[in-house]
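A.B. asks: Quick one, fold the following:
(chains A and B)
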Amino acid sequence: MIENGTAELNIIWTHNFILQFNITLHPIKFSHLFIQTNMSDNSKNAWAMPAALAIPKEGYFKVEEGRYGPIFPKTPANYGFTVIVKVKPGREQAIREYGKTIEAAVKDSPNVLAPLKLHYLRWVLFDVGSGLHFMYQGIFDTDFDKYLEDAIALFNSTGVTTVFTNLEGWPDDWKTNVSAVTKFFREHQRPSFLEYGEYPNASSDEIKKALKLKSAFSDMLDEMQ
Amino acid sequence: MLELEDVQHYLLTRPHATIAQYNFITFCNAESGRKWVKDLSDIVGNAKTVMAASETDMRWVSLAFTFNGLRKLGLNEESLSTFPEPFRQGMAARAAMLGDTGINHPDNWEDKITSDDLHAVVILFAKDQTEKDRCIKTHDEYLKNNPGVEVLSSLLLEAVPPFDYVHEHFGYRDRITTPVIEGMSIEPTPGSHAPSKPGEFFLGYPDETGNIPAQPQPEEFSKNGSFLAYRKMREHVGAFRDFLKANGKTIEEQELVAAKLMGRWRKTGAPLVLSPDKDDRELGFDDKRNNNFDYEKMDPHGYACPMGSHMRRMNVRDNSVSRIQHRRLIIRRGGTYGPYLPEDTADDGANRGIAVFGGCSDLARQFEFLISVWANDPEFHELNERDPFAGSIDGPYEVTIPKRPIKKKLKGLNAFTSVTGGAYFFLPGIRGLKYLASLK
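C.D. replies: I've put the predicted structure just below:
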């Protein structure tokens, strides 16, 4: 990517919208640019260049339709969502207890959430004066639209949907009505206006592979003593 | 249990046909359209009679309609609004999401398939050439007496030689894996999906969730119906054979490359997971064994069957990829069109390929997922490539073959297939057809 002081940046918001330009700069300057570095799949070392991306209010740069509506873009912090919903009165304890249910589900079957291509989930309950709210924030390697039905099925089997039934506006017919569930998530999604990645574009599979390799390599060195 | 006497036979049984013709139909006015539906609905075969049919019973006509077709026939706006979004929009409108871009864009599709005037398709099956000529002639003559209905375009489907096994123009054996529906007294072969609930393919029945999903209204029309996703793909046989030659020195090496693209050996369908180094005819034709494998335990790295092969993308057989594989099934129907290109003959540039209908109850969850994600998502297994056959590939092609010590990339100059047509249809039950015919 960087050769003789010439860097080529491919700026890609989505797979369909590509701007390319060449800049001659000292490489060190790049960390000051608040732009998305090369996110294309053929960039081998995109992870090496920390990057931030400012996102418009709508949450996307250009409308790109998925099966269930516009797709939110991949950023240096991968795909993700932040869903914030008001909790029905008196349901705080029920929600907190489900934290343990999910903990047990993952313990029993560590790959239970694998199809969702997750990095992290964060569940937060908070009240800043307008009543108790639930925040569900997830970082994924794939956009939510693609694996929506997988997500709903997993939510059902792991009891996550039981948490959602404690939230205001959750559709009564969620078991049979995927579009109502989709609508619920879309209506409560709060897009980021800035996302940052210390190692952009690295998937959790790649990270796990790299750590496995590191561990295997260190074993190999031990064996060679 | 499915009402077999009310379901069109199309998705449930294959007639003993070697030839079919798709006639894409436009209705100049509602009255003529309804008369056509009424007259043809009498000869549409239902599943019960066709499954029991003798060799001489050949009522193998099937009728399906586009959203514009239902509107033209007079289904009211209130009912129309209850149909799902993908069907209302049509396939061409959803091309960007599906991945049909570049040369695969609907602007390049054939047979006037993207025309707003496309209202219906009639599928005529025949057991042989003579019977096909008779069917087409009968339908053409019928249209002379009903000038308000016209054939917009038609496509003839015929098996290609050699005739000893069912295959498409590249020579891959087909029809090895097909969903089985609960209550039909058919045992899935070992390793195949468990029988599907009828609601995965037919409206008005419980699906795999155990619930009956909301149906388009009125139910009198939609019950026992299915959605069909039509897909026409041109096969560039010359480009395919060049790819094999460029990546394999001997015939054996070329066959291995062909098998790596598909996941099965070309002429027998023997799965690579069970027979990674050489073809095995006995295995390929043994239904007890040819689906009896998984990837997660038997081939986790794809050394036998590459992650990016057609079969491993479209039927993932791996719980860490999907826990709801049984909710992504479609029933495929269709065949090959265009002239056979004999081996060792240079590509004559003729239009040849496959034209397939995928039947399901939910276009977005089943067909659109398969095409937009499993066929066309470059991020699938981080391969940065698309399905070699079902993917929409625009330009040079690459496929990753896991191999020790390091993976190998096979490269081709041109895609082997291009999407040249597509549309969504609704295939009503027999009562549904009568309901359409009776609209005012």
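A.B. asks: how about residue A:120, secondary structure?
C.D. replies: strand (DSSP: H, G, I helix; E, B strand; the rest coil).
A.B. asks: ok, it - contacts?
C.D. replies: The contact partners of residue A:120, by Cβ atoms under 8 Å, 6 or more residues apart in numbering or on different chains, come to A:138-139. (Glycine included, C-beta is placed from N, CA and C.)
A.B. asks: so it bridges to which residues?
C.D. replies: Taking DSSP bridges as the rule, residue A:120 bridges to residue A:139.
A.B. asks: Am I right that residue B:63 falls within a strand?
C.D. replies: Yes. When three-state DSSP is applied, residue B:63 is found to be in a strand.
A.B. asks: Which pLDDT value does the model give it?
C.D. replies: If you check residue B:63, the pLDDT there is 97.
A.B. asks: Going by neighbour count, which residues in the longest helix that chain A contains are buried?
C.D. replies: Longest helix in chain A, counting residues (DSSP state H): helix A:204-223. By neighbour count on 16 or more other Cβ atoms under 10 Å in any protein chain shown, the buried set for helix A:204-223 is residue A:204.
A.B. asks: and it, does that touch chain B?
C.D. replies: Yes. Using Cβ under 8 Å from any Cβ of the partner chain, helix A:204-223 reaches chain B at A:205-206.
A.B. asks: where exactly do the helices run in chain B?
C.D. replies: Counting by DSSP H, the helices of chain B are B:30-41, B:47-52, B:67-73, B:77-80, B:85-89, B:95-98, B:129-144, B:219-222, B:237-247, B:251-262, B:281-284, B:310-314, B:369, B:430-437.
A.B. asks: Deepest in the core, which of those helices is it.
C.D. replies: helix B:369 (a mean of 27; mean count of other Cβ atoms under 10 Å in any protein chain shown).
A.B. asks: show me the contacts for residue B:437.
C.D. replies: B:34-35, B:37-38, B:41.
A.B. asks: one more time with 10 Å
C.D. replies: B:33-42, B:73 (Cβ atoms under 10 Å, 6 or more residues apart in numbering or on different chains).
A.B. asks: before we move on, back to that, kindly export the longest helix of chain A (C-alpha atoms) in PDB.
C.D. replies: What follows is helix A:204-223, C-alpha atoms only, in PDB (Å, rounded to 0.1, in the frame of the first residue of the first chain):
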ATOM      1  CA  SER A 204     -13.400 -12.000  14.200                       C
ATOM      2  CA  ASP A 205     -12.600 -15.200  12.200                       C
ATOM      3  CA  GLU A 206      -9.300 -13.600  11.000                       C
ATOM      4  CA  ILE A 207      -8.500 -12.400  14.500                       C
ATOM      5  CA  LYS A 208      -9.100 -15.900  15.900                       C
ATOM      6  CA  LYS A 209      -7.000 -17.400  13.100                       C
ATOM      7  CA  ALA A 210      -4.100 -15.000  13.900                       C
ATOM      8  CA  LEU A 211      -4.200 -15.800  17.600                       C
ATOM      9  CA  LYS A 212      -4.400 -19.500  16.900                       C
ATOM     10  CA  LEU A 213      -1.400 -19.100  14.500                       C
ATOM     11  CA  LYS A 214       0.500 -17.200  17.200                       C
ATOM     12  CA  SER A 215      -0.100 -19.800  19.700                       C
ATOM     13  CA  ALA A 216       0.800 -22.700  17.300                       C
ATOM     14  CA  PHE A 217       4.000 -20.800  16.400                       C
ATOM     15  CA  SER A 218       4.900 -20.300  20.000                       C
ATOM     16  CA  ASP A 219       4.300 -24.100  20.600                       C
ATOM     17  CA  MET A 220       6.500 -24.900  17.600                       C
ATOM     18  CA  LEU A 221       9.300 -22.800  19.000                       C
ATOM     19  CA  ASP A 222       9.000 -24.600  22.300                       C
ATOM     20  CA  GLU A 223       9.200 -27.900  20.600                       C
END
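A.B. asks: So which other helices or strands are in contact with it?
C.D. replies: Where contact means 3 or more Cβ pairs under 10 Å, 6 or more residues apart in numbering or on different chains; DSSP states H and E, helix A:204-223 is packed against strand A:118-126.
A.B. asks: Flag every buried residue along the strand it packs on.
C.D. replies: Result for strand A:118-126 [16+ other Cβ under 10 Å]: buried residues A:118-119, A:123.
A.B. asks: If I look at residue 16, what pLDDT would I see?
C.D. replies: I'll assume chain A. What the model reports as pLDDT for residue A:16 is 33.
A.B. asks: Chain B, not that one
C.D. replies: 72.
A.B. asks: Number of residues surrounding the nearest residue to it once chain neighbours are set aside?
C.D. replies: Once flanking residues are discounted, residue B:16 sits nearest to residue B:127: 5.5 Å by Cβ to Cβ, 6 or more residues apart in numbering or on different chains. Residue B:127 has 16 neighbours, counted by other Cβ atoms under 10 Å in any protein chain shown.
A.B. asks: residue contacts, residue 138?
C.D. replies: This is for chain A. A:78-83, A:113, A:116, A:118-123, A:144, A:151.
A.B. asks: actually it's chain B I care about, not the one you picked
C.D. replies: B:43, B:61, B:124.
A.B. asks: The second one and residue B:124 touch, don't they?
C.D. replies: Yep, that's residue B:61 we're talking about. Yes. Residue B:61 is within contact range of residue B:124, at 5.9 Å (criterion: Cβ atoms under 10 Å).
A.B. asks: overlap in contacts of these two?
C.D. replies: In contact with both residue B:61 and residue B:124: B:135, B:138-139, using Cβ under 10 Å, 6+ apart.
A.B. asks: for chain A, which spans come out with low pLDDT?
C.D. replies: A:1-44 (pLDDT under 70).
A.B. asks: Which parts of it are strands?
C.D. replies: A:2-3, A:6-14, A:17-24, A:51-54, A:65-66, A:69-70, A:79-86, A:118-126, A:133-140, A:194-197 (DSSP state E).
A.B. asks: What residues sit buried inside the last one?
C.D. replies: When you say that, I think you mean strand A:194-197. A:195, A:197.
A.B. asks: outside of it, which residues touch it?
C.D. replies: A:34, A:36-37, A:39, A:46-47, A:49-55, A:73-78, A:80, A:139.
A.B. asks: Can you say which of the residues you listed are buried?
C.D. replies: A:36-37, A:39, A:46-47, A:49, A:51-53, A:55, A:73-78, A:80, A:139.
A.B. asks: Next step: these restricted to helices.
C.D. replies: Among the buried ones among the contacts of strand A:194-197, no member falls in helices (DSSP H).
A.B. asks: roughly how far apart are residue B:155 and residue B:140?
C.D. replies: Counting by Cβ to Cβ, to the nearest Å, the gap from residue B:155 to residue B:140 is 15 Å.
A.B. asks: got it, and residue B:170?
C.D. replies: Taking Cβ to Cβ, one finds residue B:170 at 33 Å from residue B:140.
A.B. asks: for chain A, what are the nearby residues on the stretch 51-200 of chain B?
C.D. replies: For the stretch 51-200 of chain B, the residues in contact with chain A (Cβ under 10 Å from any Cβ of the partner chain) are B:84-86, B:89, B:93-94, B:96-99, B:101.
A.B. asks: which one of those sits closest to residue B:401?
C.D. replies: residue B:99 (22.6 Å; Cβ to Cβ).
A.B. asks: That closest one: how many residues sit nearby?
C.D. replies: 24.
A.B. asks: ok, the closest residue to it other than its chain neighbours - how many residues close by?
C.D. replies: Spatial nearest neighbour of residue B:99, excluding adjacent residues (Cβ to Cβ, 6+ apart): residue B:376 at 3.2 Å. Using other Cβ under 10 Å, residue B:376 has 22 neighbouring residues.
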